[in-house]
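Colleague: kindly return the folded structure for what I paste below:
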Amino acid sequence: MDNKNPPKRSQIKPGSTVWIIEKENYGTNKYKQGIVQNILSPRENHPRGIKVSLIDGSIGRVQWLIEE
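Modeller: Prediction:
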């Protein structure tokens, strides 16, 4: 998976299924799949991805949306 352009904030909604990277895993391939509970980033874009919290309590930056 190539992460040139993480999704924009407007593409992410609570309930979206996404792959995130948690801060402690930056620079690794330890991605985590989950469902968005809240969007934490205020801006439309972020170079590392929009920060979200997942329903399991994890916080990370969205790398990919999983198309339903």
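Colleague: what is the neighbour count of the residue nearest to S10 when sequence neighbours are not counted?
Modeller: Closest residue in space to S10, ignoring its immediate chain neighbours: E44 at 6.3 Å, by Cβ to Cβ, 6 or more residues apart in numbering. All C-beta spots, glycine's among them, are computed from the backbone N, C-alpha and C. E44 has 10 neighbours, counted by other Cβ atoms under 10 Å.
Colleague: pretty sure E44 sits against Q11.
Modeller: No - with contact defined as Cβ atoms under 8 Å, E44 does not reach Q11; the gap is 9.6 Å.
Colleague: and E22, how far is that from K13?
Modeller: Computed as Cβ to Cβ, to the nearest Å, the E22 to K13 distance reads 21 Å.
Colleague: more crowded one of those two?
Modeller: Comparing E22 with K13 by other Cβ under 10 Å, the one with more neighbours is E22, at 15 against 10.
Colleague: so who does the more buried one touch?
Modeller: With contact set as Cβ atoms under 8 Å, 6 or more residues apart in numbering, E22 has these partners: K30, K32, S58, I59, G60.
Colleague: now do the phi/psi pair for I39.
Modeller: Note on I39: its backbone torsions stand at phi -100, psi 120 [degrees, to the nearest 10].
Colleague: list the contacts for the residue nearest to it when sequence neighbours are not counted?
Modeller: Leaving aside its sequence neighbours, I39 sits nearest to V52 (Cβ to Cβ, 6+ apart; 5.4 Å). Residues near V52 by Cβ under 8 Å, 6+ apart: 12, 18, 20, 36-41, 59-62.
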